[in-house]
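Peer 1: everything below, folded, please.
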Amino acid sequence: FIGAELLKDNAKLSSVSLPVDVAVIDNFAFTNCPALKSVAMFDKVESIGTGAFMGCTSLTDITFSEGLKIIGGGAFYGCTSLMQVSNAEGVKTIGAYAFADCTNLTVAEFNSAETIGDYAFYECTSLTSITIPDSVTSIGDSAFCDCTSLTSVTIPDSVTSIGAVAFL
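Peer 2: Residues are numbered from 1 along each chain as shown. Model (predicted):
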């Protein structure tokens, strides 16, 4: 368990390699670490909490654990240097605002996601295409709203609910 109280002076933190036994990254654990560039997670990390990496404007590289199931609301909100999210094989839930305002995000691959929360990719202005996996049943309100470079979307038959202005 990694909690926010561990980080008192976060302005100089540039990389994080989590201990092998960490299963939960708590809410706001690494919020506003402006120098943080990379994060490596081991297989036991199952959940990334609300706002865990919000505002980490230098974050470019994330290696997700195979055991990751939940990306909480706003977990990577405003990570403006983040360019790709891939190898997130086990993720089932992408929370509200999880990757909102990640303006340089071009690739987002979640092969086993079941739900994409409200505003999950809001204002990801560099995202050009998205293939939603067959496992997804619901796409939240404004999930891909203001993704101004988005030119291709593939929505499978498994999707039974698409929220208001999901692709506006």
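Peer 1: can you give the strand pairings for the helix or strand bottoming out on mean pLDDT in the chain, parallel or anti for each?
Peer 2: Least confident helix or strand of the chain, by mean pLDDT, DSSP states H and E, is strand 61-63 with a mean of 79. Counting by DSSP bridges, the strands paired with strand 61-63 are strand 38-40 (parallel).
Peer 1: return the residues in contact with the spatially closest residue to residue 111 that is not a sequence neighbour.
Peer 2: Leaving aside its sequence neighbours, residue 111 sits nearest to residue 133 (C-beta to C-beta, 6 or more residues apart in numbering; 5.2 Å). In short, each C-beta sits where N, CA and C put it, glycine included. Shown in contact with residue 133 (C-beta atoms under 8 Å, 6 or more residues apart in numbering): 110-113, 156.
Peer 1: just the buried ones from those residues, in ChimeraX syntax?
Peer 2: The buried residues among the contacts of residue 133 can be selected in ChimeraX (16 or more other C-beta atoms under 10 Å) with this line:
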select :110,113
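Peer 1: what would the contacts of residue 133 look like in a markdown table with secondary structure and pLDDT?
Peer 2: Putting the contacts of residue 133 into a markdown table (DSSP: H, G, I helix; E, B strand; the rest coil; pLDDT from 0 to 100) gives the following:
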| residue | secondary structure | pLDDT |
| --- | --- | --- |
| 110 | coil | 85 |
| 111 | coil | 86 |
| 112 | coil | 89 |
| 113 | coil | 92 |
| 156 | coil | 93 |
